[in-house]
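J.: following is a predicted model, sequence given first.
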Amino acid sequence: MFNNIAPKYDFLNHTLSLGIDVWWRKKAVQKLGKLHNPLILDLATGTGDFAIIAARRLPSARIVGIDISENMMAVGREKVKQRKLNHRIEFQQGDCENLHFETNSVDAIISAYGVRNFENLHAGLSEMQRVLKPGGKAVILEFSTPQKFPVKQLYLFYFKHILPTIGRLFSKDTSAYSYLPESVQAFPAGNAFCEEAQKAGFSSTKYSFLTFGITALYVLSK
């Protein structure tokens, strides 16, 4: 599915979120704090937007983007090359639930809107916890559902009806943008996600909601 929508993914991402997704990523990267020559994994990197923002904010960082979709990463490689960041950002096809990095070897992990696609959430979170160095952070952005009237009602109407229609029109994929609202509603948000992270071994879990609760920002510490 993600291979199919890769050519239009960035356009639809920024258009359907009205560009707010860029601000969300910048806000998330700030949570990493100051790091000296860090190795950062961008899990479910997609086309590399989060990796690019992290590289610009942390000029000494080396970032490895990991994704199961080769077509998405092909778009990311071109973007990184155009921005002359290919010496600092690399892409590797891989399974985020079975990382090939050594235990306690990674300084930080970032991930934007990909964790809910894990087949086994506990396995994915456990792998993050395993590869992080003691004291390291995983900063995760994921969609959530607003709870207050009338934002919740407007959001659900947009998410269930307008977004899938526009997505199908531009991506030519009949399932991808119907899958999106379904996956968001099935994902454990807020405290429920933090509880899952604690079960996976994270010692500290915090979260905040952004833009009326449309997205959640999680900071997990080892």
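T.: Sure, I can see it.
J.: nearest residue to Gly135 other than its sequence neighbours?
T.: Spatial nearest neighbour of Gly135, chain neighbours left out: Lys222 (6.5 Å); criterion: C-beta to C-beta, 6 or more residues apart in numbering. Placement of C-beta: from N, CA and C, glycine included.
J.: quick one: residues contacting that neighbour.
T.: By C-beta atoms under 8 Å, 6 or more residues apart in numbering, the contact list for Lys222 reads Gln129, Leu132, Lys133, Pro134, Gly135, Gly136, Lys137, Ala138, Gly201, Phe202, Ser203.
J.: so the last one sits against Ala197, correct?
T.: No: using C-beta atoms under 8 Å, Ser203 is not in contact with Ala197; the gap is 9.8 Å.
J.: so between those two, which is more surrounded?
T.: Between Ser203 and Ala197, Ala197 has the larger neighbour count (other C-beta atoms under 10 Å), namely 25 against 12.
J.: and the pLDDT for the more buried one?
T.: Note on Ala197: pLDDT of 98.
J.: quickly find the element holding it.
T.: Using DSSP states H and E, Ala197 sits in helix 191-199.
J.: which residues in this structure form helices?
T.: For the chain, the helices defined by DSSP state H occupy 2-16, 20-30, 49-57, 70-82, 121-131, 151-157, 163-171, 176-186, 191-199.
J.: any chance of JSON lines for these, columns distance to Cys96?
T.: Formatted as JSON lines, the helices of the chain follow (distance: least, C-beta to C-beta, whole Å):
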{"stretch": "helix 2-16", "distance to Cys96": "13"}
{"stretch": "helix 20-30", "distance to Cys96": "17"}
{"stretch": "helix 49-57", "distance to Cys96": "13"}
{"stretch": "helix 70-82", "distance to Cys96": "13"}
{"stretch": "helix 121-131", "distance to Cys96": "5"}
{"stretch": "helix 151-157", "distance to Cys96": "27"}
{"stretch": "helix 163-171", "distance to Cys96": "23"}
{"stretch": "helix 176-186", "distance to Cys96": "15"}
{"stretch": "helix 191-199", "distance to Cys96": "15"}
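J.: mean neighbour count, these: which tops it?
T.: Stretch with highest mean neighbour count among those: helix 49-57 (a mean of 22; mean count of other C-beta atoms under 10 Å).
J.: for the protein, longest strand please?
T.: strand 132-143 (DSSP state E).
J.: what lines up beside that one in the sheet?
T.: Looking at strand 132-143 with DSSP bridges, its partner strands are strand 106-112 (parallel), strand 215-221 (antiparallel).
J.: need those strands in CSV with mean neighbour count, can you?
T.: Listed next are the strands paired with strand 132-143 as CSV, based on neighbours: other C-beta atoms under 10 Å:
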stretch, mean neighbour count
strand 106-112, 24
strand 215-221, 21
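J.: in CSV: the ones you listed, plus distance to Arg25 and mean pLDDT.
T.: Listed next are those as CSV, based on distance: least, C-beta to C-beta, whole Å; pLDDT from 0 to 100:
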stretch, distance to Arg25, mean pLDDT
strand 106-112, 6, 98
strand 215-221, 10, 97
